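# Pasted the sequence and its predicted model underneath.
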Amino acid sequence: MANVKVAVRVRPLSKKEEESNATNIVEIKGDNGLSIKNIKVNGPESVGDKHRERVKYFNFDHCYYSVDKTQPNYAPQELIFQDLGTEVLNSSFDGYNVSLFAYGQTGSGKTYTMMGNPHELGVIPRICEGLCSRVDDFEDGVTFKIEVSYLEIYNERVRDLLAAPDDVKYTLKVREHPKEGPYVQDLSRHFVTDYAMVTMLLNKGNINRTTAATHMHDASSRSHAIFTLNFIQAKLENGMPSEIVSKINLVDLAGSERAKYNFSKDRLQEGANINKSLVTLGNCISALAENSMRLTSSNSVESLVSDDGDASPSPRNATTATTKKSAFIPYRNSLLTWLLRDSLGGNAKTIMIATISPASTNFNESMSTLRYARRAKRIINNAIINEDPNVRLIRELRLEIDRLRQLLSCASLSSSQNSLVHDGAISKMLQENEQRIDQLTEAWVDKWKEAATIMRECNVGIRRESVGVIVESELPHLIGMDDDLLSTGIILYHIKEGETKIGRSDAENEQDIVLFGPGIEQQHALVENRFGNVTLSPINGALCAVNGMDIQESTPITQGRFHKSVIHMDVDNKNTIKLLCYLQ
């Protein structure tokens with residue numbers, strides 16, 4: 001178990017704050033201390049104010065002063081990544097789920113810290129770059145797989161930021177898996193192999209993200225964005241398979257801002273929804289902090305009792321420690337907290353970056369953020385290494401085999417009849433376990449070798465979705481489907497740039513796509529791909545149809561993601577061959 005790690009970053013004064021003659025009221029004390037001047041207590045000490053704090057102090061895991069670049073304690077983007085980003089990478093390679101999210105008022109520097117700009121990259125691009133570079137430099141014999149998804153929560157509705165243009169909608173549903181927890185149904189996940197692919201997807205999602213001008217910021221993020229990396233690593237070491245999975249959630253929360261009288265109806269509505277989710281997040285943090293403090297105090301009482309031997313706690317303390325119920329955690333009151341359930345008190349290592357303004361005009365908002373961060377620091381998460389169940393079973397069987405061998409060696413020292421019978425039973429159990437380990441290990445190795453070869457050579461991603469399996473490909477392709485009810489497989493054919501020949505295996509010239517059937521000609525059809533424009537041309541009057549219409553000449557088959565061309569070969573015979581055209 002470990003507490004949520006909290007860092008605070010102070011941004012420079014904005015032009016609006018400078019024009020309003022705001023002063024800097026925040027100072028950094030060392031590496032983890034921060035003080036903020038209480039502007040509500042001014043002037044000399046009076047009778048009513050002498051007991052009030054003129055300066056409020058806070059302590060966090062990290063405090064970054066990014067106000068003045070000329071100061072020696074200025075914290076650039078690189079320092080944020082070195083302290084927090086490298087910890088995310090180390091935990092992910094160890095097999096832990098990791099969450100990093102930024103919280104603060106509108107215009108406090110959350111998106112700049114997380115995303116940055118082309119000249120000063122933020123934490124998210126640097127983490128992605130570091131992950132891909134570590135994978136490239138890793139030792140041989142280890143197989144990696146990285147999948148990316150990107151969503152936003154706007155007005156309590158979920159949208160896929162990486163969906164195709166004709167599938168942009170806010171109707172994605174949040175479901176709950178009995179073992180894996182909350183997930184977004186129909187959210188696209190994209191297989192990536194290098195940092196360039198990750199950057200392309202990240203930029204695409206940022207362009208689609210909802211922004212608007214507010215009182216504090218001209219391009220304020222009006223939605224919560226969650227960028228997720230599903231990272232899988234597998235290897236075979238000393239005959240023992242190892243497969244661990246890490247889920248990295250990188251969250252840029254929408255900023256809180258007080259409503260103004262001149263806000264439009266849309267701004268008021270989206271502000272209300274943002275505040276609703278942030279208030280729910282605050283309630284969850286408060287309840288989790290309370291439970292963590294209660295757990296800590298309970299453990300302290302137990303340790304005192306164990307140290308004192310037969311001593312027992314007082315009835316009052318015993319009642320408080322055992323009968324007081326844990327605070328209810330309202331995860332389901334908001335989609336944001338529901339999706340981040342594991343990040344808050346669950347199976348994840350969590351880091352929070354709180355961003356504040358140093359301006360005296362934003363004293364109330366900065367104090368609210370600091371109190372928020374102080375409560376989050378008390379949360380205790382229970383992160384565990386995520387291991388494949390079959391791999392865990394193999395390891396447990398290996399331990400059981402070692403135990404049986406020890407029993408066998410002890411039994412062989414005795415010459416009694418009973419020991420001989422017991423010796424035979426142990427030998428049988430030992431042999432069965434060894435055979436089971438060999439079968440599981442061989443199946444695991446074959447699965448990864450075959451999947452890795454396909455994905456590497458064909459640029460294909462394979463993933464499980466509910467009770468089905470989804471095959472993803474970034475290249476234009478055809479999927480062959482047989483009308484025969486006994487046929488249970490499908491074949492994916494990539495459409496290469498140029499010409500793709502379709503025909504029989506006994507054709508004079510080798511065919512790229514080989515089909516079988518009584519009506520298939522030796523050279524049946526030709527598919528041409530010219531800069532993304534794909535056409536189908538029958539050869540010598542061969543029977544072809546597109547979407548049920550017979551064709552005699554070259555016909556375009558360029559289609560979108562959901563409207564796919566159905567190509568029929570041998571339409572006059574019962575054994576029809578269907579090809580579904582999927583063009584990206």
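Nice, I can see it.

# Give me the pLDDT value at residue 183.
The model reports residue 183 with a pLDDT of 89.

# What's the first helix or strand after the strand or helix carrying it?
In this structure, residue 183 sits in strand 181-184 according to DSSP states H and E. Beyond strand 181-184 on the C-terminal side, the first helix or strand identified by DSSP H and E is strand 190-192.

# Listing partners with orientation, what would you give for that following strand?
For strand 190-192, the pairing partners within the sheet under DSSP bridges are strand 142-154 (antiparallel).

# which parts of the partner strand are buried?
Under the neighbour-count criterion of 16 or more other C-beta atoms under 10 Å, strand 142-154 has 143, 144, 145, 146, 147, 148, 149, 150, 151, 152, 153, 154 buried. From N, CA and C alone the C-beta is placed, and that goes for glycine too.

# ok, what's across the strand from the last one?
Spelled out, that is residue 154. So, taking DSSP bridges as the rule, residue 154 has residue 157 as bridge partners.

# Please tell me I have it right and it contacts residue 226.
No. With contacts counted by C-beta atoms under 8 Å, residue 154 stays clear of residue 226, the gap being 12.0 Å.

# Okay, buried residues for the strand holding residue 183 please.
By neighbour count with 16+ other C-beta under 10 Å, strand 181-184 contains the buried residues 182, 184.

# got a list of contacts for that strand?
By C-beta atoms under 8 Å, 6 or more residues apart in numbering, the surrounding residues in contact with strand 181-184 are 149, 151, 158, 160, 172-177, 338-339, 341-342, 346.

# so which two of those are the farthest from each other?
By the measure C-beta to C-beta, 160 and 346 form the most distant pair in the contacts of strand 181-184, at 23.8 Å.

# For the two, indicate the residue with more neighbours.
Neighbours were tallied for residue 160 and for residue 346 using other C-beta atoms under 10 Å; the higher tally belongs to residue 160 (22 against 18).

# mind checking how far the more buried one is from residue 17?
With distances taken as C-beta to C-beta, to the nearest Å, residue 160 is found 36 Å from residue 17.

# just to confirm, which helix or strand has the nearest residue to residue 231 once chain neighbours are set aside in it?
Counting by C-beta to C-beta, 6 or more residues apart in numbering, residue 246 is the residue found nearest to residue 231 once chain neighbours are left out, at 4.5 Å. Secondary structure assignment for residue 246, by DSSP H and E: strand 240-252.

# Output the contacting helices and strands for that strand.
Applying 3 or more C-beta pairs under 8 Å, 6 or more residues apart in numbering; DSSP states H and E, one finds that strand 240-252 contacts helix 86-93, strand 98-104, helix 110-114, helix 123-137, strand 224-237, helix 389-412, helix 417-458.

# one step back: could you export the strand holding residue 183 as PDB, CA atoms only?
Output of strand 181-184 as PDB, limited to C-alpha atoms (Å, rounded to 0.1, in the frame of the first residue of the first chain):
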ATOM      1  CA  GLY A 181     -13.900  -2.900 -13.400                       C
ATOM      2  CA  PRO A 182     -15.400   0.100 -15.300                       C
ATOM      3  CA  TYR A 183     -14.800   0.500 -19.000                       C
ATOM      4  CA  VAL A 184     -16.200   2.500 -22.000                       C
END
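
# what's the nearest residue to residue 65 if we skip its chain neighbours?
residue 28 (4.3 Å).

# try residue 292
Setting aside the residues directly before and after it, residue 292 is nearest to residue 380 in space (C-beta to C-beta, 6+ apart), at 4.3 Å.

# residues touching the one you found, list them.
Residue 380 is in contact with 1, 2, 3, 4, 288, 292, 295, 296, 345, counting by C-beta under 8 Å, 6+ apart.

# Check the gap between the second one and residue 330 for me.
Relative to residue 330, residue 2 is positioned 23 Å away (C-beta to C-beta).

# and those two? which has more neighbours close in?
For residue 2 against residue 330, the residue with the higher neighbour count under other C-beta under 10 Å is residue 330, and the figures read 15 against 12.

# Assess the claim that the more buried one and residue 282 are in contact.
No. Counting by C-beta under 8 Å, residue 330 sits too far from residue 282 to count as a contact (10.4 Å).

# so after the one helix or strand in the chain whose mean pLDDT sits lowest, what's the next helix or strand?
Taking mean pLDDT, DSSP states H and E as the measure, the chain has helix 315-323 as its least confident helix or strand, at a mean of 47. Using DSSP H and E, the helix or strand that follows helix 315-323 towards the C-terminus is helix 335-339.

# Show me what that next one is packed against.
Short answer (3+ C-beta pairs under 8 Å, 6+ apart): helix 335-339 packs on strand 142-154, strand 174-177, strand 181-184, helix 265-307.

# let's go with 10 Å and repeat that
Secondary structure elements in contact with helix 335-339, counted by 3 or more C-beta pairs under 10 Å, 6 or more residues apart in numbering; DSSP states H and E, are strand 142-154, strand 157-160, strand 174-177, strand 181-184, strand 224-237, strand 240-252, helix 265-307.

# what residues does that helix touch?
Here helix 335-339 makes contact (C-beta atoms under 10 Å, 6 or more residues apart in numbering) with 101, 151, 153, 156-158, 172, 174, 176, 181-184, 224, 226, 228, 249, 251, 253-254, 273-274, 276-278, 280-285, 329-332, 343-344.

# Now list the buried members of those residues.
Restricting the contacts of helix 335-339 to buried positions leaves 101, 151, 153, 156, 158, 172, 182, 184, 224, 226, 228, 249, 251, 253-254, 273-274, 277-278, 280-285, 329, 331, 343-344, with burial counted as 16+ other C-beta under 10 Å.

# If any of the contacts of residue 380 are buried, put those into a PyMOL selection.
Selecting only the buried entries of the contacts of residue 380 in PyMOL, with 16+ other C-beta under 10 Å as the criterion:
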select buried, resi 3+4+288+292+345
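
# Closest one of the contacts of residue 380 to residue 197?
Minimum separation from residue 197 among these (C-beta to C-beta) is found for residue 4, which lies at 31.2 Å.

# The closest one against residue 346, yeah?
No. Applying C-beta atoms under 10 Å, one finds residue 4 not in contact with residue 346, separated by 11.2 Å.

# Pull up the overlap in contacts between these two.
Listed as contacting both residue 4 and residue 346 by C-beta under 10 Å, 6+ apart are 99, 288, 381.

# thinking again about what came up before, let me have the contacts of residue 380 in TSV, extended by distance to residue 52.
Below are these laid out as TSV (distance: C-beta to C-beta, whole Å):
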residue	distance to residue 52
1	37
2	36
3	30
4	30
288	30
292	30
295	33
296	30
345	34
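
# Please report the distance of residue 19 from residue 13.
Taking C-beta to C-beta as the measure, residue 19 and residue 13 are separated by 10 Å.

# which of the two has more neighbours?
Remark: of residue 19 and residue 13, residue 13 carries more neighbours, 20 against 9, as counted by other C-beta under 10 Å.

# returning to what we had before: let's have the shared contacts of residue 4 and residue 346 in a markdown table, adding distance to residue 200.
Formatted as a markdown table, the shared contacts of residue 4 and residue 346 follow (distance: C-beta to C-beta, whole Å):
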| residue | distance to residue 200 |
| --- | --- |
| 99 | 24 |
| 288 | 37 |
| 381 | 33 |
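
# And these, which is closest to residue 538?
residue 99 (55.2 Å).

# Any idea what that closest one is bridged to?
Applying DSSP bridges to residue 99 gives these bridge partners: residue 249, residue 350.

# Can you name the residues that contact it?
Residue 99 is in contact with 4, 88, 226, 228, 247-251, 340, 342-344, 346, 348-352, 381, 383, counting by C-beta under 10 Å, 6+ apart.

# so how far is residue 532 from it?
With the distance defined as C-beta to C-beta, residue 99 ends up 39 Å from residue 532.

# I'd like the distance between residue 510 and residue 356.
For residue 510, the distance to residue 356 (C-beta to C-beta) stands at 67 Å.

# Between the two, point out the one with more neighbours.
Each of residue 510 and residue 356 had its neighbours counted (other C-beta under 10 Å), and the higher figure belongs to residue 356 (25 against 9).

# Thanks a lot, catch you later.
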